[in-house]
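Peer 1: just the structure for this:
(3 chains)
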Amino acid sequence: MSGRSGRIVKLDKFIYGSSSSDPNPKSGSTSSQATSGESVSNPSSSDPTPRSNTTSWLLGELNNFVDEVEGLLLDVRYDGRFNKAVAYLVDSNNRLVRWVDRTDHKPYFLTDAEPEVLASIGISSDNGLVVQFDVTAKFHPIRRERVKVTKVIVRDPLAVRKLRSTVQSKGYKVWEADIKYHHNYIYDNQLIPGMVYRVNRGWHRVEGGLDESYAELIESISRGESREYKDLVLEWALMFEQKPLDVKRVAVDVEIYSPEEGRVPDPEKASYPVISIALADNRGRVKILLLYRDNMAFEGGIPEGVEVEIFDDEISLLLEFFREVEGYPVVLTFNGDSFDIPYIYNRLVNLGVDPHLIPVEVHEDKVTFRHSLHVDLYKLFSIKALQVYAFGGRYRELTLDAIAEALLGMGKVELDTPVPRASLDKLIAYNVRDAMLTLNLTTFANNLVWNLVITIMRISKLGLEDVTRHQVSTWIRGLLNWEHRRRRWLIPSREELRGEMARSKAIIREKRYKGAIVLEPPRGVFFDVLVLDFASLYPSIIKNWNLSYETINNPWCKGGRKVVPEVEHEICVEFKGITSELVGLLRDFRVKVYKRRAKDESIPQDLRTWYDTVQAAMKVYINASYGVFGNEAFPFYSLPLAESVTAIGRSVLVNTLKMAEKLSLHIVYGDTDSLFIWDPRGESLEELIRYIEDNYGLELEVDKKFKVALFSGLKKNYLGVTDRGEVVIKGMVGKKSNTPEFIKEEFKTVVNLLGGVRSFDDTVVVLDKVREHIAEVYRKLKTKGYTLEELSIKVMLSKDPGRYVKTTPQHVKAAKLLEKEGVRVGKGDIIAFVKTRDSVGVKPVRLAKLSEVDANKYLEYVRTAFEQILLALGVNWEEVGGQKSLAKLLNLK
DNA sequence: GAATTCGCGTTGCATG
DNA sequence: CATGCAACGCGAA
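Peer 2: Predicted coordinates for the structure are as follows:
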């Protein structure tokens, strides 16, 4: 075999080469200030002068610091080496550059203790931690007045934590001390990550233009509103109109040798060699770094277009990996935080490389690259709000294979030999595919995911590495914090939010609060059913009823108040609430601008796609905006707010119901924000819609038209066939993911029969077919006509098997059997098992035999699944699936 | 570091 | 051994 060449790097240089070249801040003096937000008044300023950029490369020597640049702001980090914020921007050459803060911004927190008081408790510039005190005024959103606070400006972020506890222990109030420094930097400079900036001595946003048609759309959102509000709308419009740059990025995937088959190597120990690393970038380049191993050969060809570089030395391979990656602004991995990158790092350390020379920082739960930004797609795709609202719940298992299969329609390469023993060409194919899938998860559908992430960065004001690693509540917190700072509002502490105003009945009554109404559904078949729903009901309520933490039960409210039905919270109407304004703005932008523009055929397709992404990002935000307020961990947690939203929602639904009855409309069902109307006649419907608009300012819309609707009599459980022949199934067991596979399949065929139903007579015909079908399923079950795979039940472990202490559910029993076989299972894994006749009652599919299967148990499942349809058709199970009737049918055959 | 409540079906387990 | 409720998973909204 020919490939022992490869680039052999000069090892000694990398290990013993010169140390860090990061700039040492030189002291100097400038008069620069933050361009907006509050000026930091410490007169001394640093002016780090980076070395000129060099094309030669030594490990840890890449110098991409600049004094000045125009580029896309992707992130901000705090760098302890020079005790400053460092901004990461992508310039016009798609190169990541770093800019060390030159505005002399410093960490701080706020307190009500005056400087003299602070000095008296040992907090002063004498102790080395404090830089300066600024006495300043902030608007207190709850007290509705300006309050005097002391801004304690300190040397470094750690000092904040230290001093805040001292101040608190002396009984003084403290604000904004738990905001991470790099976030404070963004807020104070009013930066919008994901937007283009020019930085030199300070920050200057580079504005994109707005086309003319935009003016009227903005007018439609802000008609009759204040000047400030119009300015805000314009700011947001600029933010959403700028289509993001397709930043150069590379996906990487690492393969490790392991003598123990089936065991995932431990990245902490990193005992075995890295045998290959695949890289795939979004400019079409695919490369693999391969370790030479004795007796390993190519049995087939190398895929076309793949660069292969072979190393006979593992260190060289790993260092070359870093050299490759450093040219990219963004590195993508799948599990890179917890596996690939820590493995490489620890492996290099094990091999004797000085840790300081490895250009990554290993944190507790993430790994960052010194010269690139790192997105771990495992973390990104774990974000629940994205899973549900952006990807429609299309993937369940958080593995590259499952997610790629669901979103790209392509899975991993299947290997017949495990990675360590696979022939080199197979290894390449496998490894390269993983890197490609990882990359494609960010590029498919015209960069949907990348654009989504950038849009969320802009709304949340969080950097790339934060947005992709945190749940939706963190995003919403970011937006709220930033907006408080923009208005020069004090960000209230949890105590203040809990204080006066949270003394609601709910808190005394119990921890949780009441949710929505679900109407009692009928049982039976209905023809011509209209489904109406309120467009974004909860966000609209937050907007229209002025709901916000500071408008509800606020003792400092001097003006009028409105009372929320049922829960009797009082809402202040003399001023506009901050969350009401922000949620309302997002809602209006989505409904009135971006949803429309995404469908507007006069707009070029690529722009429409971008607008669709914008509205999708807003959807995620809006849908979560109510829930977070009901979560105690959320910094702006407001139970009265969450409780008011649902209370108003109930009242709206009930009043709509009453009005509908007055109008002689026949309501068959309804859930939270929807009403199902049977065969509406005349103008009543339009009248109802107008009534809702006039009385509540809510939009009641026709969502679907069902030619036929089947109701089982159970809540959240129905089936409808739309006028376009599309079958909509909600809540039925036959569709649930934890239903045995064969039942889901059989259910589908029965449902297809229903697709053609147009009249009552049709239902009778269908019923006969369903009857035969069930008999057939029964016969197949009894004669072992289904495979183990078809019989498998798939349930997710919501925690590690050992953590189920109260009960041991069946899938956990199966999981424990797998563990006995040496298979590692854990939280998030989906366990496939079958029901057996032994004492345990279950067995993992891969350990079971068809002869052990308990057919009777499955018949029970078949019953529940089909009963939900049969009941609607007015038939009892006994008449169809009972022993007698089955016997009869089967004998006839 | 973490969005909510409502509802259904299955199974486990304590209680008598 | 019957029974009732809790735990769990999943879905609708």
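
Peer 1: for the stretch 351-500 of chain A, which spans come out with low pLDDT?
Peer 2: Residues of the stretch 351-500 of chain A that meet the criterion pLDDT under 70 lie in A:499-500.

Peer 1: need the residues of it near DNA strand B, please.
Peer 2: Counting by C-beta under 7 Å from any atom of the strand, the positions of the stretch 351-500 of chain A adjacent to DNA strand B are A:384-385, A:388, A:470-474. From N, CA and C alone the C-beta is placed, and that goes for glycine too.

Peer 1: which among these count as buried?
Peer 2: A:385, A:470, A:472-474 (16 or more other C-beta atoms under 10 Å).

Peer 1: around DNA strand C, pick out the residues from the stretch 651-800 of chain A.
Peer 2: If contact is defined as C-beta under 7 Å from any atom of the strand, the residues of the stretch 651-800 of chain A in contact with DNA strand C are A:671-674, A:716, A:729-731, A:735-738, A:794-799.

Peer 1: ok, of these, which come out buried?
Peer 2: By neighbour count, with 16+ other C-beta under 10 Å, those hold A:671-674, A:729, A:735, A:794-795, A:797 as buried.

Peer 1: break down the stretch 101-250 of chain A into its helices, ranges please.
Peer 2: Counting by DSSP state H, counting those that start in this stretch, the stretch 101-250 of chain A forms helices over residues A:115-120, A:157-169, A:181-188, A:213-222, A:227-241, given from the N-terminal end onward.

Peer 1: so A:D854 makes contact with A:K835?
Peer 2: Yes. In this structure, A:D854 is within contact of A:K835 by C-beta atoms under 8 Å, at 4.7 Å.

Peer 1: of the two, which one has the most company?
Peer 2: Relative neighbour count places A:K835 above the other of A:D854 and A:K835, with 22 against 16, counting by other C-beta atoms under 10 Å.

Peer 1: from A:T864, how far off is the more buried one?
Peer 2: When C-beta to C-beta, to the nearest Å is the yardstick, A:K835 and A:T864 sit 14 Å from each other.

Peer 1: same check, this time on A:K412
Peer 2: Relative to A:T864, A:K412 is positioned 35 Å away (C-beta to C-beta).

Peer 1: can you check A:L238 too?
Peer 2: When C-beta to C-beta is applied, the distance between A:L238 and A:T864 equals 54 Å.

Peer 1: repeat for A:N856
Peer 2: Taking C-beta to C-beta as the criterion, A:N856 is separated from A:T864 by 14 Å.

Peer 1: of those two, which one has the most company?
Peer 2: A:T864 (14 against 11).

Peer 1: pretty sure the more buried one is touching A:V733, no?
Peer 2: Yes. Under the criterion of C-beta under 8 Å, A:T864 makes contact with A:V733 at 5.2 Å.

Peer 1: and A:G874, what pLDDT?
Peer 2: Per-residue confidence for A:G874 comes out at a pLDDT of 86.

Peer 1: which residue packs closest to the spatially most central residue of chain A, ignoring adjacent ones?
Peer 2: Of all residues in chain A, the one closest to the mean position by C-alpha atoms, centre = their mean is A:I383, 3.1 Å from it. In space, not counting the residues next to it along the chain, A:I383 is nearest to A:Q471; the distance is 5.7 Å by C-beta to C-beta, 6 or more residues apart in numbering.

Peer 1: contact partners for the one you found?
Peer 2: Contacts of A:Q471 were listed using C-beta atoms under 8 Å, 6 or more residues apart in numbering, and they are A:383-385.

Peer 1: narrow these to those in helices?
Peer 2: Here DSSP state H is the test, and the contacts of A:Q471 give A:384-385 as lying in helices.

Peer 1: closest point of chain A to DNA strand B, which residue?
Peer 2: Closest approach of chain A to DNA strand B (C-beta to the nearest atom of the strand) occurs at A:G627, with a separation of 1.9 Å.

Peer 1: for the closest residue to that residue other than its chain neighbours, which residues are in contact?
Peer 2: Distances taken as C-beta to C-beta, 6+ apart put A:A642 closest to A:G627, at 7.7 Å, once the chain neighbours are dropped. Under the criterion of C-beta under 8 Å, 6+ apart, the neighbours of A:A642 are A:513, A:626-627, A:629-630.

Peer 1: tell me the phi and psi of A:A642?
Peer 2: phi -60, psi -40 (degrees, to the nearest 10).

Peer 1: again, but for A:R95
Peer 2: Taking degrees, to the nearest 10, you get phi -110, psi 140 for the backbone angles of A:R95.

Peer 1: so what's the residue count around it?
Peer 2: Neighbour number of A:R95 under other C-beta under 10 Å is 17.

Peer 1: just the one 5 residues further on next, same as before
Peer 2: Applying the criterion other C-beta under 10 Å, we find 22 residues in the vicinity of A:V100.

Peer 1: quick check, it in contact with A:R81.
Peer 2: No. Counting by C-beta under 8 Å, A:R81 is not a contact partner of A:V100; they are 9.8 Å apart.

Peer 1: partner residues bridging A:Y108?
Peer 2: Beta-bridge pairing of A:Y108, defined through DSSP bridges, involves A:I153.

Peer 1: pretty sure it contacts A:V160?
Peer 2: Yes. When contacts are counted by C-beta under 8 Å, A:Y108 is listed as touching A:V160 (7.2 Å).

Peer 1: how about the closest residue to A:I491 other than its chain neighbours, what does it touch?
Peer 2: Excluding its sequence neighbours, the residue lying closest to A:I491 (C-beta to C-beta, 6+ apart) is A:H484, at 4.8 Å. With contacts defined as C-beta under 8 Å, 6+ apart, A:H484 is in contact with A:141, A:490-491, A:578.

Peer 1: go on, A:S684?
Peer 2: The neighbours of A:S684, taking C-beta under 8 Å, 6+ apart as the test, are A:660, A:663-665.

Peer 1: so how do I select the buried members of these in PyMOL?
Peer 2: Of those, the buried ones go into a single PyMOL selection, burial set by 16+ other C-beta under 10 Å:
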select buried, chain A and resi 660+663+665
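
Peer 1: report the two of the contacts of A:S684 separated the most.
Peer 2: Distances among those were taken as C-beta to C-beta; the most separated pair is A:A660 and A:S664, at 8.5 Å.

Peer 1: which residues of chain A score low on pLDDT?
Peer 2: For chain A, the stretches with pLDDT under 70 are A:1-62, A:499-511, A:880-893.

Peer 1: how about a cut-off of 80?
Peer 2: When the per-residue scores of chain A are filtered using pLDDT under 80, the ranges that remain are A:1-63, A:126, A:208-217, A:260-263, A:499-511, A:876-893.

Peer 1: list, one by one, the residues from it near DNA strand C.
Peer 2: A:393, A:396, A:516, A:533, A:671-674, A:716, A:729-731, A:735-738, A:794-799, A:804-807, A:809, A:811-812, A:830.

Peer 1: just the ones of those residues in strands?
Peer 2: Secondary structure assignment by DSSP state E places A:533, A:671, A:674, A:729-730, A:794-796, A:830 of the residues of chain A next to DNA strand C in strands.

Peer 1: enumerate the residues of the stretch 551-700 of chain A near DNA strand B.
Peer 2: Near DNA strand B, the residues belonging to the stretch 551-700 of chain A are A:623-624, A:626-628, A:630-631, A:633-634, A:642, A:646 when assessed by C-beta under 7 Å from any atom of the strand.

Peer 1: ok, which pair from those is furthest apart?
Peer 2: In these, two members sit farther apart than any others by C-beta to C-beta. They are A:A633 and A:T646, at 19.3 Å.
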